[in-house]
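Asker: Here is a sequence with its predicted model. Questions after.
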Amino acid sequence: MSLAIETEHLVRRFGAHTVVDQVSLRVPSRSVYGFLGRNGAGKTTTFKLLLGLLRPDAGQVRIGGIDVVRQRIAALRQVGALLEAQGFYPHLKGREQLDLQRRLLGLPASEVDRVLELTEMQAHGGRTIGDYSLGMRQRLGLARALLGAPSVLILDEPTNGLDPEGMADMRGFLRSLPERSGATVLLSSHLLGEIEQIASHIGMLCEGRLVLQGRLEDLQAEQDGAVLFGTDAAAAAIDLARGLGIPADPCDGGMLARFALDQPIEAASAALNHQLCTAGIAVHTVAPQRRSLEAVYRRASQALSSTSNIALA
Ligand SMILES: Nc1ncnc2c1ncn2[C@@H]1O[C@H](COP(=O)(O)OP(=O)(O)OP(=O)(O)O)[C@@H](O)[C@H]1O
């Protein structure tokens, strides 16, 4: 698997506060990598380290295999970025701002129309940036990041300030970007539900530490033993399951049974299903439940706090 972005034990401190703590990111090429964390977890600081805007206290950063600390210009030639502070000139028109940027990058004039079209900003390119809504500024920031068709996009909270419709558009746009342009997208968010809808891979940052990383599907597929039994006789099914020592609760459409993880879930669900049928309880669905990203996050954060407690003890 080739990696578009890679860090090795990255550390950054502000005074005595370690804000990025031994972070080893693995962002596969052509992935949409969702970088999750609560406010203050260290996401923006990590992005600044990736972009060479801050120097790490320890560790390495490579983009497309090039070391960002040693060869910053060569590494960043491959990158388009959208950070919180967009630094636009409010008196310029959107199109003029993009034109300024594309000249600095030595790109052809046609680039401005290309990125305006990609971000569906053609209609607003002639308006003054000072009059833009927050959502339009976000789109203009994205348009600027896309100038020169970089192979890596680093986007800090790209859906910030968008209305629900704008958010949905942006999600669709970002999700399809690797397929359409071959680019790799690394984006941060504190919204689990949002990342769940966009990302192919995720990394979770908790108090500066990367507590979880991998393909979203793999993380969600890790079983937590919950299986839905669809039935109209949920109460009877729950009694029977509990009588067999299997924790079970009502849920939408029937019963949610939780099997111990030390047994194959297929065999355990088949055995319970047989018992239910034998007792005359009709079951129309047996469906192992995908774990929500929220559950994955909760588990990872709990694991971190329990190790911190051990360290403190
Ligand atoms: N230049 C700085 N000097 C001192 N502390 C800083 C500096 N920049 C960030 N911090 C601190 O580092 C921690 C992480 O901040 P950071 O902005 O990286 O978090 P974040 O995950 O991006 O949060 P948010 O989602 O709120 O933007 C915070 O406690 C913040 O106060």
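Answerer: Thanks, I have it. Numbering: from 1, shown residues only.

Asker: Quick check: which element contains the spatially most central residue of the chain?
Answerer: For the chain, the residue sitting closest to the mean C-alpha position, by Cα atoms, centre = their mean, is residue 34 at 1.7 Å. Secondary structure from DSSP states H and E places residue 34 in strand 32-36.

Asker: as a whole number, average confidence for that strand?
Answerer: Averaged over strand 32-36, pLDDT sits at 95.

Asker: For that strand, report the contacting residues that lie outside it.
Answerer: Strand 32-36 is contacted from outside by 5, 25, 27, 43, 46-47, 174-175, 177-178, 184-190, 192, 195, 198-205, 216, 297, using Cβ atoms under 8 Å, 6 or more residues apart in numbering. Backbone N, C-alpha and C define where each C-beta goes, glycine included.

Asker: So which residues on the chain come close to the ligand?
Answerer: Within the chain, the positions lying close to the ligand (Cβ under 6 Å from any ligand atom) are 14, 19, 37, 39, 40, 41, 42, 43, 44, 45, 190.

Asker: And the helices in the stretch 151-300 of the chain?
Answerer: Here the stretch 151-300 of the chain has its helices, by DSSP state H, counting those that start in this stretch, at 164-181, 192-198, 216-221, 234-243, 265-278, 293-312.

Asker: possible to save the ones you listed as CSV with mean neighbour count, distance to residue 102 and mean pLDDT?
Answerer: Output for those, formatted as CSV (neighbours: other Cβ atoms under 10 Å; distance: least, Cβ to Cβ, whole Å; pLDDT from 0 to 100):
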stretch, mean neighbour count, distance to residue 102, mean pLDDT
helix 164-181, 15, 17, 85
helix 192-198, 19, 27, 86
helix 216-221, 15, 34, 80
helix 234-243, 17, 61, 96
helix 265-278, 15, 55, 93
helix 293-312, 14, 37, 58
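
Asker: Need those in JSON lines (columns: distance to residue 143).
Answerer: Below are the helices of the stretch 151-300 of the chain laid out as JSON lines (distance: least, Cβ to Cβ, whole Å):
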{"stretch": "helix 164-181", "distance to residue 143": "11"}
{"stretch": "helix 192-198", "distance to residue 143": "19"}
{"stretch": "helix 216-221", "distance to residue 143": "27"}
{"stretch": "helix 234-243", "distance to residue 143": "52"}
{"stretch": "helix 265-278", "distance to residue 143": "47"}
{"stretch": "helix 293-312", "distance to residue 143": "29"}
